[in-house]
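>>> Structure, please.
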Amino acid sequence: MSDQGEQQTSSPLPPISSLPNNIYPPSTYPQPSYFSSSTTLKQPALIIPAKRTGEIIKLLSGGTDDSNNIVYSEKKCKRVYGVEVGTDYNESDVEEGYNPKNERKLVLKSLGAVTLGDVKQDDFVYNDYRIIKLGGEEDTDSTSNYPTSSTAPPGRISIRPSYINLPSNLSYNVLTVDQVLTRILPNQNINEIPSSFEIAGHIAHVNLRSETLPYKYLIGKAILDKNSKTIKLVVNKIGNIENEYRTFPMEIIAGSGFDVDEVEKLCNTPPSDGNEIGNSVQIKVESPKHDKLMIVQVKEHGCKFTLDFANVYFNSRLQSEHNRLVQYIINDASKNNKKKETIVADAMAGVGPFAIPLTSTNTQHSADTKIICHANDLNPTSYKYLLQNGQTNKCPKDRLYTYNLDGREFIHKMNAQGIQVDHYIMNLPQMAPEFLNAFRGYKFHRVDENDRPMVHVHCFGEKPRTPEDVTRIERQVQERCESALGCPNCFLNGKNDVNIRIVRDVGPRKNMLCVSFLLPLEVGNVDKIVLGKNGDKRQRPGEDDDTKEDTKRSKE
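Numbering: from 1, shown residues only. Below is the predicted model of the structure:
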């Protein structure tokens, strides 16, 4: 971890060098009175032509996906201002014909400082490829494709970076998490204010970077205070997803189960060996006393889900993707009038965010379309809640079939039993493309070669920095899938309806993607992989394939 040094003069926190363990205890959180004083917030901004204001806000807001929104959007604060003399233009520019009324200043979210450029441009938000593209565009009228004169001062481009000092004299009660943390955390050490979090029921989950770990208890309290009506527990991920069940270790940093006195004591007790223990002060949720705290209820697509957040994989930021793919399959089923039913195989089903809404009789489509889903997950805890959620949401036993198998074994089973699957879902972003090797040697049971399964694979991919990056990155993802299928270049012939879409922004350099395609006919000519202890299948300890009952129906 980098040396934090002394705090900025406006920070209410003591120097980190004065703390025994280089971590701020809960008692250092400022009193509410600290936030009542009048201060200003320096925010990055973008100078734009006034007539393009609506168009550019729409572009930078990211549509319905708020994770792509880089436009400032705090309560009771404007996001569009007039340009400022001395900051954005000079009186001499006006004398040369520049008209400041033709431009606007759009306030952006602050993503943290970078080392490039002068102080006006010193924020990571300007690295967003949309802003880079806008800055390189020829000045045009948004209602036509014909060039128009620049709205900028002589020698400057119309769309350019700036900044703005926003007044703020709001009390602590109405400040947002981002506004609170901006006032607490030292901006010279933090690249990005960690104000975003995922919600699962009453739990808020954060994934703090190394530079923010010394402030984790302050961050947890800010999130809890600002969301006290819905959030009862704040947890921080303290490791990577490294096991086969896609779960990760976590610690409680605020809320229920958080022993303030114990944490305060640990933070203020110097290490016995004279060495700093850094960020090892943790209250882990694996302790049995916290088991009940991690059971949450969530709602998606008109269905209710119960799950153990500590022991299953569940990401609330995927709700829109769950809904999108569910609706896609429903629409596909309703258009296919020649078939009596549509069959879906969900190879990594988790607690059922795809399988349950597809088969629940509580949904509007259930009376008009018959969808059968074979849902599988290797994690026995996920499987337990998959069964429970199937019962809760009234999924008939002849529509929802559940399995507790390895993903590759499940795909082999579907094919061996002659189940004519219309859609395969593979929602395991870290490694789902590699599971495509289970389709090698696939037997197509239908006569029409175009009547093939549509495969939906979720994975991670590089985030494009320029428009030119998009084609290169998409091809990289395609090649990864082709390699696993054992069919190089099979996506280049145009026969497999390949579509790649961005699901969500995961980090500064990574996106989550969904690759959808018709299963290529070529896989039928590739040698089938052998599953076993020394093969691709990852077996659970003590599992005996010859005697294990691996298939159950949801209401047995």
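>>> avg pLDDT for stretch 389-401?
Stretch 389-401 carries an average pLDDT of 95.
>>> What residues sit buried inside that stretch?
389, 390, 392, 393, 394, 395, 396, 399, 400, 401 (16 or more other Cβ atoms under 10 Å). Yep, even glycine has a C-beta here, placed from its N, CA and C like the rest.
>>> Narrow those to those in helices?
Judged by DSSP state H, the subset of the buried residues of stretch 389-401 located in helices is 389, 390, 392.
>>> mind listing what the nearest residue to the last one once chain neighbours are set aside touches?
Leaving out its chain neighbours, the residue that sits closest to residue 392 by Cβ to Cβ, 6 or more residues apart in numbering is residue 304, at 5.8 Å. By Cβ atoms under 8 Å, 6 or more residues apart in numbering, the contact set of residue 304 is 297, 298, 389, 392, 393.
>>> how close does residue 400 get to residue 323?
The spacing between residue 400 and residue 323, counted by Cβ to Cβ, to the nearest Å, is 18 Å.
>>> how about the helices in the stretch 401-550 of the chain?
407-416, 469-485 (DSSP state H, counting those that start in this stretch).
>>> ah, wrong one, I meant the chain
According to DSSP H, the helices that the chain contains are 53-61, 91-95, 129-136, 177-184, 216-226, 260-267, 319-335, 355-359, 380-392, 407-416, 469-485.
>>> Let's have those helices in CSV, adding distance to residue 516.
Output for these, formatted as CSV (distance: least, Cβ to Cβ, whole Å):
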stretch, distance to residue 516
helix 53-61, 25
helix 91-95, 51
helix 129-136, 24
helix 177-184, 35
helix 216-226, 35
helix 260-267, 46
helix 319-335, 8
helix 355-359, 16
helix 380-392, 23
helix 407-416, 17
helix 469-485, 11
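>>> Which of those has the highest mean neighbour count?
helix 355-359 (a mean of 30; mean count of other Cβ atoms under 10 Å).
>>> Can you name every helix or strand that that helix contacts?
Judged by 3 or more Cβ pairs under 8 Å, 6 or more residues apart in numbering; DSSP states H and E, helix 355-359 is in contact with strand 303-308, helix 319-335, strand 342-346, strand 371-376, helix 380-392, strand 400-403.
>>> Which of the ones you listed sits closest to residue 110?
The minimum distance between residue 110 and the helices and strands packed on helix 355-359 falls on helix 319-335, with 24.9 Å, by Cβ to Cβ.
>>> ok, back up a step: so can I have TSV of the helices of the stretch 401-550 of the chain showing mean pLDDT and distance to residue 504?
Shown next, in TSV, are those (pLDDT from 0 to 100; distance: least, Cβ to Cβ, whole Å):
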stretch	mean pLDDT	distance to residue 504
helix 407-416	95	22
helix 469-485	93	15
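>>> Reformat those as TSV; add distance to residue 238.
Listed next are the helices of the stretch 401-550 of the chain as TSV, based on distance: least, Cβ to Cβ, whole Å:
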stretch	distance to residue 238
helix 407-416	27
helix 469-485	29
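>>> do you know which of the ones you listed lies nearest residue 28?
Per Cβ to Cβ, nearest to residue 28 of these: helix 469-485, 42.8 Å.
>>> Return the distance of that closest one from the chain's centre.
Distance of helix 469-485 from the chain centroid (Cα atoms, centre = their mean, to the nearest Å) equals 21 Å.
>>> what ranges do the strands span in the stretch 101-250 of the chain?
Secondary structure of the stretch 101-250 of the chain by DSSP state E, counting those that start in this stretch: the strands cover 103-107, 160-168, 198-200, 203-206, 233-237, 250-255.
>>> For burial, what's the neighbour tally of the closest residue to residue 509 other than its chain neighbours?
Spatial nearest neighbour of residue 509, excluding adjacent residues (Cβ to Cβ, 6+ apart): residue 463 at 5.3 Å. The tally of other residues near residue 463 (other Cβ atoms under 10 Å) stands at 17.
>>> Check the one 3 residues further on too.
Here the number of neighbours of residue 466 (other Cβ under 10 Å) works out to 11.
>>> pLDDT score assigned to the residue nearest to residue 509?
With respect to pLDDT, residue 463 has a value of 89.
>>> quick one: contacts for it?
Applying Cβ under 8 Å, 6+ apart, the residues near residue 463 are 505, 507, 508, 509, 510, 511.
>>> any idea how far residue 318 is from it?
17 Å.
>>> cool, residue 333 as well?
For residue 333, the distance to residue 318 - Cβ to Cβ - is 22 Å.
>>> One more: residue 233?
For residue 233, the distance to residue 318 - Cβ to Cβ - is 20 Å.
>>> Of these two, which one has the most company?
Neighbour count, other Cβ under 10 Å: between residue 233 and residue 318, residue 233 has more, with 25 against 21.
>>> Against residue 297, how distant is the nearest residue to that one once chain neighbours are set aside?
Nearest-residue entry for residue 233: residue 255, 4.0 Å, with adjacent residues in sequence omitted and distances by Cβ to Cβ, 6+ apart. Remark: distance between residue 255 and residue 297 (Cβ to Cβ) = 17 Å.
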